[in-house]
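Engineer: When you get a sec, could you give me coordinates for this:
(chains A and B)
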Amino acid sequence: MVRPHGRVAHLILLLGVALAFSACRHVERQELPREAANDPPDFTVVSRTTEIPTYPCTERCHARREPNPTPRDLTAYHTRIVLRHGPNPHFCDFCHVLEHPETLHRIDGETFGFDEAYRLCGQCHGEKLRDWMSGIHGLQTGSWNGSVTRRVCTACHNPHAPGHISLESLPPPQRPRNEDGEPPAEDAEVTE
Amino acid sequence: MKTREENFRLPIVQEEPEEKLGGVEVEGMQRLQSTRRDFMKQVGITAGVTAAASATGCSDATWEEYFHQHYKRMSDDEKAELFAILEQRTKEHYGVDVQIKDPQPIEGVEFAYALNISLCIGCRQCEYACAKENNTSRDSEMHYIRVLEIDKGTMDVDLCDHFYTGEVPKPDKYYMPVQCHHCANPPCVDACPVEATWREKDGIVVVDYDWCIGCRYCEAACPYWARRFNWEEPSIRPSDINPDQGYLSNRIRPKGVMEKCTFCLHRTREGKNPACLEACPVGARKFGDLNDPNSEIRRIIATKRVYVFKEELGTLPRFFYFFG
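Structural biologist: Residues are numbered from 1 along each chain as shown, chains lettered A, B, ... in the order given. From the prediction side, this is the model:
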């Protein structure tokens, strides 16, 4: 036979445990400040323009040749560019200002050069931009307590067809050898 | 309970104990110890000079070089004297002018490292940059960083492979570089029978290479396989020697001692980044001050999913893996 006040006590105990459990489960997650992306950077960015041989585009070619904004496969010029970025098919003028291709523009109408390409990328990849701005994403050189140098997104990621970086790995360490200088037999191999 | 400092007694040359036993016995004991000490010193000088003369062909080997004090007990003058001798030895042996420094911990700084496992592609650039920076022996391929290739879907390091070759990253693998974790509770330090390794104020676990007896207890104690033993005389081409050296970090180590990652303390204590960080082509490595709330390392720990390798051992590493 179960006494009624015993049941109530059980219920209260159960409720208490549940409450305590939910309190434990609630972990405060600190977020990076959202305004970080709009603050002027307090670091040096390695310029991209010096690395692009055909920069500035207008001066080099497009003053004489008007860009064609019709989506198509590029066969005459820019043949190395394959557009494979994002779910919707778009073309040059989605990111480049058609009249001055060395200028980039955002959906909100802001324009800037290649060295600030991160502002363009950040309109979709906001989280990555926040990480990059706060030094979490991307190769950062310089000093851990002083001046810092970063690379813009396009220094590592191909903006036209982003993908994973793939490299040939440097040689592995030698496998352990026995007294005769021979590698140990396969069955005697130590996994560590 | 004695503290670590009180426990710290030298096995060789030692100050005489003062009035420990009292009376006549003390006098006699002191005389005895004194006599023995003098005798050992004489033997030491003779042996040291003889060994030096036969080993390096130098006749100017000194007591300071062979029987100098533990790093912590050396005065600044003794250090300067010893560093000059070590620089001279490097010059004689390799024909390279090096500078041995002794940068001290920065007040209020505790170093920590974070590595983004999501980004690491396992290219081993860090491993080789580390070897170059730290003057490690090339023939024995002594690398402080070991890059593990692990199947996606498991975190069991027993199933890893660190002898992988070819193009990386492979589609079904992820990569996890392991080096010294500079634990706040380092088992290697506890294992050392002669106190040749200790944790500095800024969190860097260092080794006094000249005090190490090479027993390899620390290697066995380390759960991260981070310590390396010099089985043979280090082999480095003179042109490969990094002349910017620290006494507790990347000076050329003798045979028969332990060594490991020191967070490049000769660089980091002067504000630079570790060599492995600068070498990483994907920017997976982050380094900074754990005590600075605005440092990247703190932001990572506050905002990312952080994984502490073998957390259950209670070693409190200052090396964090994160995803993102």
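
Engineer: Could you report the pLDDT at residue A:28?
Structural biologist: At residue A:28, the pLDDT value in this model is 55.

Engineer: Residue B:99: neighbour count?
Structural biologist: Counted with other Cβ atoms under 10 Å in any protein chain shown, the neighbours of residue B:99 add up to 12. C-beta coordinates here come from the backbone N, C-alpha and C atoms, glycine included.

Engineer: what residues are up against it?
Structural biologist: B:87, B:243-245 (Cβ atoms under 8 Å, 6 or more residues apart in numbering or on different chains).

Engineer: tell me which of the residues you listed is nearest to residue B:218?
Structural biologist: For those, the minimum distance to residue B:218 (Cβ to Cβ) is 22.1 Å, reached by residue B:245.

Engineer: who does the closest one bridge with?
Structural biologist: residue B:100 (DSSP bridges).

Engineer: That one touches residue B:100, doesn't it?
Structural biologist: Yes. The criterion here is Cβ atoms under 8 Å, and residue B:245 meets it with residue B:100 at 4.9 Å.

Engineer: where's the residue of chain B at minimum distance from chain A, which helix or strand?
Structural biologist: Residue of chain B nearest chain A, by Cβ to the nearest Cβ: residue B:283 (3.2 Å). Secondary structure from DSSP states H and E places residue B:283 outside every helix and strand.

Engineer: if I look at it, how far off is residue B:260?
Structural biologist: Distance of residue B:283 to residue B:260, computed by Cβ to Cβ, to the nearest Å: 24 Å.

Engineer: Those two: which has the busier surroundings?
Structural biologist: residue B:260 (23 against 20).

Engineer: How about the contacts made by the nearest residue to residue A:139 once chain neighbours are set aside?
Structural biologist: Closest residue to residue A:139 apart from its sequence neighbours, by Cβ to Cβ, 6 or more residues apart in numbering or on different chains: residue B:283 at 3.2 Å. By Cβ under 8 Å, 6+ apart, the residues touching residue B:283 are A:137-140, A:156, B:116, B:119.

Engineer: so is residue B:80 in a helix, a strand, or just coil?
Structural biologist: helix (DSSP: H, G, I helix; E, B strand; the rest coil).

Engineer: how far away is it from residue B:247?
Structural biologist: 11 Å.

Engineer: More neighbours: which of these two?
Structural biologist: Neighbour comparison, residue B:80 and residue B:247: the larger count goes to residue B:247, with 22 against 13 (by other Cβ under 10 Å).

Engineer: quick one: contacts for that one?
Structural biologist: B:71, B:79, B:82-83, B:86, B:100-102.

Engineer: Save those residues as JSON lines, and put in pLDDT and neighbour count too.
Structural biologist: JSON lines is the format used below for these (pLDDT from 0 to 100; neighbours: other Cβ atoms under 10 Å in any protein chain shown):
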{"residue": "B:71", "pLDDT": "93", "neighbour count": "19"}
{"residue": "B:79", "pLDDT": "92", "neighbour count": "16"}
{"residue": "B:82", "pLDDT": "92", "neighbour count": "21"}
{"residue": "B:83", "pLDDT": "93", "neighbour count": "18"}
{"residue": "B:86", "pLDDT": "92", "neighbour count": "18"}
{"residue": "B:100", "pLDDT": "95", "neighbour count": "23"}
{"residue": "B:101", "pLDDT": "93", "neighbour count": "18"}
{"residue": "B:102", "pLDDT": "94", "neighbour count": "18"}
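
Engineer: Endpoint to endpoint, stretch B:153-166 covers what distance?
Structural biologist: 22 Å (Cα to Cα, to the nearest Å).
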